[in-house]
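Engineer: Coordinates for the following, if possible.
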Amino acid sequence: FQTSQQSSQGLRLIYNATDLLNFGFGPRWVRTRYPNNSNIREANDQNLDFTVNWQVTGLSNLNALLSRRETEQGVAGSRRIQAVTGSLGWGYTPRGRVSYAMNLTRSTSADRFQEVQGFTFSGNNLRSVQNVAFDTINTSLNLSASAPITGKISTSLSYGLTRFEQDSARD
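Structural biologist: All right, here's what the predicted structure looks like:
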């Protein structure tokens, strides 16, 4: 049911403010097809990304992404979803063999649509229309450490924690 095929294209303008700091800005388009889902055959995303990469020291770097997304789902864009996604990443490689990384990601989504249901009551065909609202917030924290064992083999350890919140209302 959730099997998907996805393609993505984008364009990013990068401004190198210094050797250690750059900014990126540009659109990104994502098309997702769900071949086994009759309700949502396709979703088309239009994203506008803003990135910052900063080499703080020779041992540490920071990167950030802020993206505004608008999604059309279903037949001829029957559902429109707007969301904001952001992430903050930090990498640290001390003089030893172990490298450390941390990434924090947060995305929000507000999905508003009408749900139409048909049913029969006392021989009459009736329709019910409800306004549905789904508000979601996803927050993820990922921590990792990696070290080379040889020139071609390395080992890593990672831990991830994700919190999903959904608030729904029907009227």
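Engineer: give me the number of residues near Pro148?
Structural biologist: Pro148 sits with 12 neighbouring residues when counted by other CB atoms under 10 Å. For every residue, glycine as well, the C-beta is placed using N, CA and C.
Engineer: swap that for Gln9, sorry
Structural biologist: Neighbour number of Gln9 under other CB under 10 Å is 9.
Engineer: Could I get the contacting residues of the closest residue to it other than its chain neighbours?
Structural biologist: Nearest residue to Gln9, sequence neighbours excluded (CB to CB, 6 or more residues apart in numbering): Trp29, at 5.2 Å. Listed by CB atoms under 8 Å, 6 or more residues apart in numbering, the contact set of Trp29 reads Ser8, Gln9, Gly10, Asn44, Asp45, Gln46, Asn47.
Engineer: Format those as JSON lines; extra columns: secondary structure and distance to Glu72.
Structural biologist: Converted to JSON lines, the contacts of Trp29 look like this (DSSP: H, G, I helix; E, B strand; the rest coil; distance: CB to CB, whole Å):
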{"residue": "Ser8", "secondary structure": "strand", "distance to Glu72": "16"}
{"residue": "Gln9", "secondary structure": "strand", "distance to Glu72": "16"}
{"residue": "Gly10", "secondary structure": "strand", "distance to Glu72": "18"}
{"residue": "Asn44", "secondary structure": "strand", "distance to Glu72": "5"}
{"residue": "Asp45", "secondary structure": "strand", "distance to Glu72": "8"}
{"residue": "Gln46", "secondary structure": "strand", "distance to Glu72": "8"}
{"residue": "Asn47", "secondary structure": "strand", "distance to Glu72": "13"}
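Engineer: and the two most separated of those?
Structural biologist: Gly10 and Asn44 (13.8 Å; CB to CB).
Engineer: Compare those two and say which one has the larger neighbour count.
Structural biologist: Neighbours per residue, other CB under 10 Å: of Gly10 and Asn44, the larger number sits with Asn44, 14 against 11.
Engineer: Could you report the separation of that one from Pro35?
Structural biologist: Distance of Asn44 to Pro35, given as CB to CB, to the nearest Å: 16 Å.
Engineer: what residues are up against Met102?
Structural biologist: Contacts of Met102 (CB under 8 Å, 6+ apart): Gly89, Trp90, Leu141, Asn142, Leu143, Ser144.
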